[in-house]
Every structure is written in structure tokens, then in C-alpha cells.
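Asks: Provided below for reference: sequence and predicted model.
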Amino acid sequence: MLLKGIAREKKTRIKQAAALTLATFKRTIKSIDVSTATGLRNRALLLLVFTGAFRRSELEALNIEQLTFDEEGLIVTLGHSKTNHYLGSGYTAHSLRASFVTVSKLNGADDTEVMNQTKHKTSAMIRRYTRLDNVRQHNSAKELGL
């Protein structure tokens, strides 16, 4: 905690989890063998974490009693939490949250819509979670009409 505070004070860039593209996420989901209970569980969890933009700690604390369905879909009731642990592979549990934000923004969602789902308080945090590293694909110069 102390080292993170010092890094912020010195304005050291915080290491961010990589974001999956929607195509990569779909391939990953489709590659899971759902003929087994483990595969079905894994697919369901990945879909839940991605579409819910949940933090790892929120998923870890989730109990079946917190899931309910209504006529519009699944409702997940969470307690308060906030963590971001780094797993060493480039993709982490936080990658799904960053992926949700990135894909939502790429598909035209405004910050308010994304913030409503992720419970972020500012557009600055949405910008921080949006991974648009491919300068050829994500370049506002394309919008100039030249």
C-alpha cells in the first residue's frame, strides 16, 4: 500500500491489465468444452465476469444466493469491494473488467452507461480502463474524412 502511494506521488505509470478483443473473448468462450460440469462452470463464470465488469474480489465473494433472474435477465447483488491483483501472464482477472469497458466503448456506449455497470465514479476512470493500444485501429484521424 505504501509503495503504491509513493508510485502515485512520483507519477509512476501503474501497470494495467491487458484487454481482450471481443473476437478473442468469443473464441475463448467457444473453445470451452461445455459437455463437462467444469467447462460449463468456466464458461458461465467468464461470461458473468465479462458482462458484469466485475472485479476479482467481487467474483470471489459471490454466492449463489446473490444471483436472481427476473423477466429482463440475471440480477447480481454484490457487496462493496475493490482489488486488482496482477497474475503474471498478461491477462488477469482484471482483464475481463478492462475488456468490458473497452468493448462497450468501441460499440458506442457512453461513459455514463459504462459507469452505471462498472460503478466507476468518473469518466477519467472509464478512460483509464479503456484499452485502445492499436493506433491503426483506434485513431481519431480516421474520423477526419480525409
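Replies: Happy to help now that I have it.
Asks: Next, the buried residues of the helix ranked longest in the chain.
Replies: Identified as the longest helix of the chain according to DSSP state H is helix 37-52. Buried residues in helix 37-52, counted by 16 or more other C-beta atoms under 10 Å: 42, 43, 48, 49, 50, 51, 52. Every residue, glycine included, has its C-beta placed from N, CA and C.
Asks: So the second one sits against residue 32, correct?
Replies: Yes - applying C-beta atoms under 8 Å as the test, residue 43 and residue 32 come out as touching, 4.5 Å apart.
Asks: which residues are in contact with the longest helix of the chain?
Replies: With C-beta atoms under 8 Å, 6 or more residues apart in numbering as the test, helix 37-52 has contacts from 25, 28-29, 32-34, 54, 58-59, 74, 76, 93, 96-97, 99-100, 117.
Asks: Quick one: mean pLDDT over stretch 55-66.
Replies: Here stretch 55-66 scores 86 as its mean pLDDT.
Asks: how much space is there between residue 21 and residue 112?
Replies: Going from residue 21 to residue 112 by C-beta to C-beta, to the nearest Å gives 24 Å.
Asks: same deal with residue 73?
Replies: Applying C-beta to C-beta to residue 73 and residue 112 gives a distance of 20 Å.
Asks: Look at the residue most central in space within the chain and tell me its secondary structure.
Replies: Nearest to the geometric centre of the chain sits residue 97, at 1.1 Å (C-alpha atoms, centre = their mean). For residue 97, the assignment made with DSSP: H, G, I helix; E, B strand; the rest coil gives helix.
Asks: okay but it is in contact with residue 129, surely?
Replies: Yes - if you go by C-beta under 8 Å, residue 97 and residue 129 touch, sitting 6.9 Å apart.
Asks: Spatially nearest residue to residue 74, not counting backbone neighbours?
Replies: Leaving aside its chain neighbours, residue 74 sits nearest to residue 67 (6.3 Å; criterion: C-beta to C-beta, 6 or more residues apart in numbering).
Asks: OK, contacts around the one you found?
Replies: With contact taken as C-beta under 8 Å, 6+ apart, residue 67 is in contact with 74, 75, 76.
Asks: cool, residue 53 as well?
Replies: 96, 97, 100, 101, 114, 117, 118.
Asks: need the contact list for the spatially closest residue to it that is not a sequence neighbour.
Replies: Distances taken as C-beta to C-beta, 6+ apart place residue 100 nearest to residue 53, at 3.8 Å, with adjacent residues excluded. Listed by C-beta under 8 Å, 6+ apart, the contact set of residue 100 reads 50, 51, 52, 53, 117, 118.
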